[in-house]
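J.: predicted model, plus sequence, below.
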Amino acid sequence: MNSSGAMQPGAESAAVALRTARAAENAARQSARSVPAWYPATHGLLLAAAMSGFGLAPVSPRWQGWILAAAVLCAGTFLMVTWKVQHASGVAPWFARRGRGSGWVLPLVPFAAGLAGALLFGTAGAFVGFGVVAGALSWVQAARGRAGAREES
């Protein structure tokens, strides 16, 4: 017993805790490696196609239904693929801590592109600008995350 009356953990319980912590760390490293090679490109292209489709659908009345259906399909597939891969790996690295300030600056880039598109081309430009830049950024970030996980292993 210690001065507060509580039992101090023994060497055996400390060893169990250490083994548990190491097992959790190894599981986290293993799950990061489980991101498939096709994920970065698929993730970025589906996001770009969905957002661009939502923007272009009203511009083309003749094809509006088809474009909107394709955009909804891409958006649903984007969400499903994201959920499946992130759920399987056990982590969501979207807002991982980085250097000071960069954690919130980078996500603003697609919104700035959308604003520029809106000023130049209206609502369609906003969706297309946001979609293309967000898709490219998503692709690059997912590829960097996958490459970083491979280097750590």
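T.: Great, that's in hand.
J.: what kind of secondary structure is residue 37 in?
T.: Here residue 37 takes the coil state, with states given by DSSP: H, G, I helix; E, B strand; the rest coil.
J.: quick check: phi and psi on it?
T.: The phi and psi torsions at residue 37 (degrees, to the nearest 10) take the values phi -60, psi -30.
J.: i'd like the first residue to be 59 from this point on
T.: In the new count, where the first residue is 59, that last one comes out as residue 95.
J.: pLDDT score for residue 178?
T.: We have a pLDDT of 94 for residue 178.
J.: check the one 4 residues further on too.
T.: Among the per-residue scores, residue 182 holds a pLDDT of 93.
J.: which secondary structure elements does the one helix or strand residue 130 maps to sit against?
T.: Applying DSSP states H and E as the criterion places residue 130 in helix 122-147. Contacts of helix 122-147 with other secondary structure elements, assessed using 3 or more Cβ pairs under 8 Å, 6 or more residues apart in numbering; DSSP states H and E, are made with helix 69-91, helix 97-114. Bear in mind the C-beta positions are built from the backbone N, C-alpha and C, glycine included.
J.: residue 204 is nearest to which of the ones you listed?
T.: Judged by Cβ to Cβ, the one of the helices and strands packed on helix 122-147 that comes nearest to residue 204 is helix 97-114, at 6.1 Å.
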